[in-house]
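Participant: could you work out the structure for the sequence below:
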Amino acid sequence: MGNIMINNKQVTEKNSFSIFHQEWWLNAATDGHYDLIEVKKDGLVIGDLAIFMQTHLGMKIITRPPYTRTLGPRLFLPSSKPFRRAQNIRNTIAELVKKIPPYDSLHISLDPEDETAFAFSLCKFTIGQAFTFRVPLDIPLKDVWDNCDQKTRNLIRTADKKLSVVCNTNLDDFIRISLIDQPRAQNSHDFARMKKIFDACCQREQACVMSAWDEHNQLIAAVVLIWDQNNLYFWQSARDRGATIAGSNMLLIWQSIEYAHNRGLTFDFDSFASAKSAKMIASFGLPPIVRPQVLGASILRQWERSANGTLKIFKNKILGRAVS
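Facilitator: Modelled structure (predicted):
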C-alpha cells in the first residue's frame, strides 16, 4: 500500500482492505457499474465508499455487489491518538453519508475489523449483526484440531481415508457439483458472473478450487477459496448430497484451514447459509465473529414496511377468527 501526505503528516493506507474493496474485484462483480464517493482534506482523499445500486419495483436499493461479502468504507487517516482517530472516523463517515445518493433501501455489510459502525449509528442508521467464524493465524493447527467436536474430527478422519483432495483452478469442477447439489431450475448461482470474478482472482493468483474425489474418480464435493493479504475465504461450496461417503465438506473445510495456515493467512468460514450450516461450522469450536450491518431506509420505505406489517397482522387476525 502507498503513503500520502496531509499537512506534512504521513498517512499510510491500511493493509487490511479486503479483496472485496479492490477495483478489479468491483469491476468483475459489477461490470464497472458502481460509484465511488469520496471525502477529501487538503485535496487528498481521506475516506471513500463504493456504492452499488440496483432498482427493484421502482425502488433504489444500495446493497453489496454480487458475490461480495463485505464492502465498507476505506479510511486514509493520519496517525493519531485514540480520541483523535475516533473523532476523525466519525467526521469522515458523516461527510461520506452526505454524499450517498438518494435510496429507498440501504444495506452495507462491514468487515469484522471495520471501525465505522458506531459512526454510522450516529448518522441515524440501524446497526445489525451478521456472523462469521475465523481461525486466527496465531492459533496452532493442533489446538484448532483439539478444539473441534469429537464427531467432527471423526468425520474428517473417515473422509480423509476414502477421498482424495485436489487443488487447481478449474471452476468447472465446482459448477458441475453445484448443479448436482441444486439442479439449474433451483440453483441461484450466476455462474457467468462467478466465473468472471474467479478468473480475475486467478489472474492475481488469489483463488483456487479444492475438490474431493472418491476411489472411482467421482467428484463428491468442491469448494472455491479466495484470499487477500490477510484472509482466506471459504467463498463457495457444494457437494453431492447423494454420495454415500460422509464428511466430504468437513474434510474440505479442514484442508482449507491448513491451506490458509500454510499461506500465512487467517481462515474465514465466510458466514453460513442456514442454521444447520451454522451449527456445523460451530462444531469446529470457534467463537462467532460479528460482521456489522449498516441498514437504512427512506421515509417512504419505512411507511411502506409499517403498512405491510400492519396489514399482515390484520390478515392473521382475520384468518384466526375464520379458523376458530
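
Participant: domains for the protein, by residue range?
Facilitator: Listed domain ranges for the chain are 3-124+291-318, 134-286 (source: automatic domain parsing).

Participant: mean neighbour count for those - can I get that in JSON lines?
Facilitator: Backbone N, C-alpha and C define where each C-beta goes, glycine included. Converted to JSON lines, the domains of the chain look like this (neighbours: other CB atoms under 10 Å):
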{"stretch": "domain 3-124+291-318", "mean neighbour count": "16"}
{"stretch": "domain 134-286", "mean neighbour count": "17"}
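
Participant: okay if I get those domains as JSON lines plus mean pLDDT?
Facilitator: Output for the domains of the chain, formatted as JSON lines (pLDDT from 0 to 100):
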{"stretch": "domain 3-124+291-318", "mean pLDDT": "86"}
{"stretch": "domain 134-286", "mean pLDDT": "95"}
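
Participant: quick one: the helices in this structure, in order.
Facilitator: 23-30, 82-99, 117-122, 141-147, 150-162, 171-181, 191-203, 248-262, 275-282, 299-323 (DSSP state H).

Participant: who wins for proximity to Ile108 among the ones you listed?
Facilitator: Closest to Ile108 of those is helix 117-122 (CB to CB; 7.7 Å).

Participant: the closest one packs against which elements?
Facilitator: helix 82-99, strand 126-135, strand 288-297 (3 or more CB pairs under 8 Å, 6 or more residues apart in numbering; DSSP states H and E).

Participant: including distance to Asn217, could the ones you listed go into JSON lines?
Facilitator: Below are these laid out as JSON lines (distance: least, CB to CB, whole Å):
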{"stretch": "helix 82-99", "distance to Asn217": "53"}
{"stretch": "strand 126-135", "distance to Asn217": "31"}
{"stretch": "strand 288-297", "distance to Asn217": "38"}
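
Participant: relative to Ile257, which of the ones you listed is closest?
Facilitator: Closest to Ile257 of those is strand 126-135 (CB to CB; 5.4 Å).

Participant: in that closest one, what's buried?
Facilitator: Across strand 126-135, burial judged by 16 or more other CB atoms under 10 Å covers Ala130, Phe131, Thr132, Phe133, Arg134, Val135.

Participant: direction included, what does that strand pair up with?
Facilitator: Strands that pair with strand 126-135, judged by DSSP bridges, come out as strand 266-268 (antiparallel), strand 288-297 (antiparallel).
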